[in-house]
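Colleague: only geometry, no sequence info:
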């Protein structure tokens with residue numbers, strides 16, 4: 001698997017393509033409105049029992065990356081909760097990262113490194129139950 005991305009757009013498209021290969025119906029760069037606000041999510045994958053709401057982060061290896069991811073996790077969690085109200089289906093906030101992060105879950109979001117996206121999708125029910133996103 002070639003994991004060289006020249007842009008964040010290419011990274012997002014790669015995640016979308018992987019989701020489709022695993023059989024998800026996918027909305028790419030999904031825009032929605034709630035309470036008079038506009039929201040956007042990079043990739044939304046509709047499963048049978050849930051929706052995976054993905055924010056892709058192609059951050060560099062800088063020393064402030066973890067604090068940036070924590071801030072983004074808070075924002076993404078709130079965005080997904082608004083989406084869940086509209087969708088009416090369990091919606092799981094996922095952040096797909098380029099680097100393997102020490103974070104697994106933070107601020108209500110699950111972190112999945114791009115190198116583990118195939119395993120995550122193959123075993124999605126296990127991971128969602130293991131980390132308390134589904135019972």
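Modeller: Sure thing, it's come through. Treat the numbers as computed from the prediction; the structure is a model and nothing was measured.

Colleague: just how off-centre is the lowest-mean-pLDDT helix or strand in the chain within its chain?
Modeller: Between all helices and strands in the chain, the lowest mean by mean pLDDT, DSSP states H and E belongs to strand 105-106, at a mean of 84. Remark: strand 105-106 is offset 12 Å from the chain centroid, using C-alpha atoms, centre = their mean, to the nearest Å.

Colleague: given that strand, what are its sheet partners and their directions?
Modeller: Taking DSSP bridges as the criterion, strand 105-106 pairs within the sheet with strand 109-113 (antiparallel).

Colleague: so where is this protein shaky, pLDDT-wise?
Modeller: Across the chain, the stretches falling below the confidence threshold (pLDDT under 70) are 1-5, 60-64, 101-103, 135.

Colleague: and the residue nearest the centre of the chain?
Modeller: For the chain, the residue whose C-alpha lies nearest the mean C-alpha position (C-alpha atoms, centre = their mean) is residue 54; its distance is 2.2 Å.

Colleague: returning to what we had before: contacts for the least confident helix or strand of the chain, please.
Modeller: With C-beta atoms under 8 Å, 6 or more residues apart in numbering as the contact definition, strand 105-106 has outside contacts at 69, 70, 73, 111, 131. Every residue, glycine included, has its C-beta placed from N, CA and C.
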